[in-house]
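K.L.:
could you work out the structure for the sequence below:
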Amino acid sequence: MKNKAYPYYNPPQITNLKNMINRRATESANETAFVYPCETGEMKKTFLDLKEDVDAFGAWMYNKKIKDKHVAIVGENSYEWLVAYFACVNGGNVAVAIDKGLPDEEIEALAKTGDVEVGFATDTYYEKVNKRIGKKVYNLKDFDDILSEGRGLIREGANDFLNYEIDADKTATILFTSGTSGVSKGVELTNRNIAFEIVHTSMLFEPKGGVLAVLPFHHAFGLVVGILMVINYGQPIYINKSLKYVKKNMVDFKPQTMFLVPMFVEFFHKQIWAEVAKKGKTQAFKGLMKSTDLLLKTGVDVRKKTYGSIQKVFGGNLEYIICGGAALDPMYVREFRTWGIEILNGYGATECSPCTAVNRAGHKKDGSVGILVPGIEVKATEEGEIAFKGDLVMKGYYKNPEATAEALIDGWYHTGDLGYVDDENFIFLTGRKKNLIILSNGENISPEELEQDIARDDAVNEVLVYDEGGKITAEIFPDEEHMGDTAYFEKLKNKVNKGRPMYKQIFKVKLREEEFIKNASMKIVRYKNIPGAQAPASAPED
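P.N.:
Got it, this is the predicted structure:
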């Protein structure tokens, strides 16, 4: 397919999540919805199973007087987590998704922020959550018993949950932001927001095979894009419960698509090149890649045969990686394409349910974060800040009118990202508004530009660029082999500075011995890592 505009896909039309579950149970009743590991090996659930489990769980909740309440859901990725989520949302409760990995006091604070009245937790985190939420918390290890009781209630005529009618504009879920300011806010999303997002973003990309779900369900990208959109398309989802099993799951399940954040892409990329280097074939491999790209331009595709060993690592069937959540160097996109795996870079924010743009399989621009989701508006303000308007934009930040008023202006969500929109509605980002380095000579510098160039070096694990006393400083967490190697990084600094104007050049390099502090999306929290930096009070989040 030539790289040019082509018609949108036509995904199933839905108005809310209850409508989506019921439709799939009717149209794809006996097709596989989920596959996941369990004590006896592997469990499969059909779309009809999913509906019946959600209905049973919901009937049980209603019997326990869990109606019109804010319900916390905490735990590792699991089928039980998702059924609890659907039962909350489809019965008029507000599902408050909380990151299981947060410190105890932060879980307690978020539960308080979200006015949590009752909770569900997977067994691993039950004691932690039960101790901190201070409300009635149910253990999802009792999932089978809950379903059994719920089915009995339905047989006896308890149909209130089944007959509940969704209010499209009532808050359905609260998801907490995890932006680089480190200040979490509760984003209120309605069924209208989520249904619009599912349908309209799916017009840009259509999975045609199984999806391995790796990203956490408490995160908007992992939940809405990685799970809900795939359900709506009727494709099977393989649930990864722990990152240590990702490689095994890829080989076992052989997914066609994966939704990932850049951290995963960068890790896989580094592992591939490390294997090549171990065999002493780095230069030969680079030459092979150049030949592959030249052949591809003439219409000859030898990638499946040439890079079979690389593709085998991903299960041998992986065609697409949809990548979002943070900036991704276009270099990764180009190299994975050479190996036969297309990375489609996307863009969004929790506040936008979350996806607002994504590159298409046959219409993409390297360096762009994608083409605008149909049915919404985008603009760059006079300051160059990207803003969006449409039905996928959040209701607001829960009980935080000041932050809401700052982020939502005349219906436009202001992202805090700097960039521009081209004549085909492709969005390009140049930096983060709050991260700009403003020098005494009046010049503005986006640290992301320098960070991207430094991070390309294999000796760099992580990097942060900031202003220190009027001088641009690059702080680097090196790989193990280059710890304390100041001479190496001095050369790298000179290489990065070459050809840049003086005001954009790095003055000093600092080496550190431990990773930077990160948020739940594995993005570096700048204010916690830069000396003297203060956390913004209410800046928009990623």
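
K.L.:
P207 belongs to a strand?
P.N.:
No: read with DSSP: H, G, I helix; E, B strand; the rest coil, P207 is coil and lies in no strand.

K.L.:
so where's the stretch 101-250 of the chain shaky on pLDDT?
P.N.:
178-183 (pLDDT under 70).

K.L.:
strands of that one, start to end?
P.N.:
Along the stretch 101-250 of the chain, the stretches classed as strands by DSSP state E, counting those that start in this stretch are 118-121, 136-139, 171-176, 186-190, 211-213, 237-239.

K.L.:
any chance of the ones you listed in JSON lines, plus distance to G390?
P.N.:
C-beta: built from backbone N, CA, C; applies to glycine. Below are the strands of the stretch 101-250 of the chain laid out as JSON lines (distance: least, C-beta to C-beta, whole Å):
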{"stretch": "strand 118-121", "distance to G390": "32"}
{"stretch": "strand 136-139", "distance to G390": "36"}
{"stretch": "strand 171-176", "distance to G390": "17"}
{"stretch": "strand 186-190", "distance to G390": "13"}
{"stretch": "strand 211-213", "distance to G390": "25"}
{"stretch": "strand 237-239", "distance to G390": "27"}
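
K.L.:
need the contact partners of stretch 252-270.
P.N.:
Applying C-beta atoms under 8 Å, 6 or more residues apart in numbering, the contact partners of stretch 252-270 are 35, 207-215, 221-222, 225-226, 238, 246, 250, 313-328, 332, 335-336, 343, 458, 521-522.

K.L.:
any quick PyMOL command for the buried ones out of those?
P.N.:
Buried residues among those (16 or more other C-beta atoms under 10 Å), as a PyMOL selection:
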select buried, resi 35+207+210+211+212+213+214+215+221+222+225+226+238+246+250+313+314+315+318+319+320+321+322+323+324+325+327+328+332+335+336+343+521
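
K.L.:
identify whichever of the strands of the stretch 101-250 of the chain lies nearest to T356.
P.N.:
Set against T356 and scored by C-beta to C-beta, the strands of the stretch 101-250 of the chain come closest in strand 186-190, at 13.8 Å.

K.L.:
so which elements touch that closest one?
P.N.:
With contacts taken as 3 or more C-beta pairs under 8 Å, 6 or more residues apart in numbering; DSSP states H and E, strand 186-190 sits against strand 171-176, strand 396-397.

K.L.:
in stretch 476-488, what counts as buried?
P.N.:
Going by 16+ other C-beta under 10 Å, stretch 476-488 has these buried residues: 476-479, 482, 488.

K.L.:
of those residues, which pair is most distant in space?
P.N.:
F477 and Y488 (13.8 Å).

K.L.:
next, the distance between the ends of stretch 71-90.
P.N.:
13 Å (C-alpha to C-alpha, to the nearest Å).

K.L.:
in the chain, where is pLDDT below threshold?
P.N.:
In the chain, residues with pLDDT under 70: 1, 178-183, 440-442, 520-521, 532-542.

K.L.:
most remote residue from the middle of it, which is it?
P.N.:
E156 (41.4 Å; C-alpha atoms, centre = their mean).

K.L.:
what values do phi and psi take at that residue?
P.N.:
E156 adopts backbone torsions of phi -80, psi 0, taken as degrees, to the nearest 10.

K.L.:
so what's T201 up against?
P.N.:
225, 229, 355, 358, 373.

K.L.:
can I assume the third one is in contact with V224?
P.N.:
Read that as C355. Yes: between C355 and V224 there is a contact under C-beta atoms under 8 Å: 7.5 Å.

K.L.:
overlap in contacts, these two.
P.N.:
By C-beta under 8 Å, 6+ apart, the residues touching both C355 and V224 are E197.

K.L.:
what's near enough to touch the spatially most central residue of the chain?
P.N.:
The centre of the chain sits closest to F221, judged by C-alpha atoms, centre = their mean, with a distance of 3.5 Å. Counting by C-beta under 8 Å, 6+ apart, F221 makes contact with 215, 259, 261, 324-325, 348, 354-355.

K.L.:
follow-up on the earlier one: so which of the helices and strands packed on strand 186-190 gets nearest Y527?
P.N.:
Closest among the helices and strands packed on strand 186-190, using C-beta to C-beta: strand 171-176, at 17.5 Å.

K.L.:
show residues contacting the closest one.
P.N.:
Under C-beta under 8 Å, 6+ apart, the answer for strand 171-176 is 17, 70, 85, 88-89, 94-99, 110, 113-114, 184-191, 193-194, 218-220, 223, 350, 395, 398.

K.L.:
ranges for the helices of the stretch 301-450 of the chain?
P.N.:
303-306, 308-313, 330-338, 401-407, 447-455 (DSSP state H, counting those that start in this stretch).

K.L.:
distance to N494 added to those helices, as a markdown table?
P.N.:
Below are the helices of the stretch 301-450 of the chain laid out as a markdown table (distance: least, C-beta to C-beta, whole Å):
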| stretch | distance to N494 |
| --- | --- |
| helix 303-306 | 36 |
| helix 308-313 | 33 |
| helix 330-338 | 20 |
| helix 401-407 | 41 |
| helix 447-455 | 12 |
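
K.L.:
which among those is found nearest to P103?
P.N.:
helix 401-407 (22.5 Å).

K.L.:
return the distance of the residue nearest to L318 when sequence neighbours are not counted relative to E480.
P.N.:
Nearest non-adjacent residue to L318, counting by C-beta to C-beta, 6 or more residues apart in numbering: I341, 5.6 Å away. Distance of I341 to E480, given as C-beta to C-beta, to the nearest Å: 27 Å.

K.L.:
burial count for L48?
P.N.:
16 (other C-beta atoms under 10 Å).

K.L.:
which SS class is it?
P.N.:
Classified using three-state DSSP, L48 is helix.

K.L.:
residue contacts, it?
P.N.:
25, 29-30.

K.L.:
one more: A111?
P.N.:
Per C-beta under 8 Å, 6+ apart, neighbours of A111: 72, 96, 98, 119, 132-135.

K.L.:
could you redo the last one with a cut-off of 6 Å?
P.N.:
Shown in contact with A111 (C-beta atoms under 6 Å, 6 or more residues apart in numbering): 72, 133.

K.L.:
if I look at it, how far off is K64?
P.N.:
19 Å.

K.L.:
same check, this time on G416
P.N.:
41 Å.

K.L.:
okay, these two: which has more neighbours?
P.N.:
G416 (22 against 13).

K.L.:
which positions within stretch 106-120 qualify as buried?
P.N.:
Under the neighbour-count criterion of 16+ other C-beta under 10 Å, stretch 106-120 has 106-108, 110-111, 113-114, 116-120 buried.

K.L.:
return the member of these nearest to S291.
P.N.:
E106 (51.2 Å).

K.L.:
how close does the closest one sit to V74?
P.N.:
12 Å.

K.L.:
ok, now I231?
P.N.:
Distance from I231 to V74, by C-beta to C-beta: 22 Å.

K.L.:
which one's more surrounded, these two?
P.N.:
Neighbour count, other C-beta under 10 Å: between I231 and V74, V74 has more, with 32 against 26.

K.L.:
pop out the phi and psi values for the more buried one.
P.N.:
Here V74 shows phi and psi, under degrees, to the nearest 10, equal to phi -130, psi 130.

K.L.:
ranges for the helices of the stretch 101-250 of the chain?
P.N.:
Under DSSP H, counting those that start in this stretch, the stretch 101-250 of the chain gives helices at 104-113, 123-133, 143-155, 160-163, 191-201, 220, 229-233, 246-253.

K.L.:
and among those, the most buried is which?
P.N.:
helix 220 (a mean of 31; mean count of other C-beta atoms under 10 Å).

K.L.:
how far off centre is that helix?
P.N.:
When C-alpha coordinates are averaged (C-alpha atoms, centre = their mean, to the nearest Å), helix 220 and its chain have centres 6 Å apart.

K.L.:
which other helices and strands contact it?
P.N.:
Using 3 or more C-beta pairs under 6 Å, 6 or more residues apart in numbering; DSSP states H and E, no helix or strand is in contact with helix 220.
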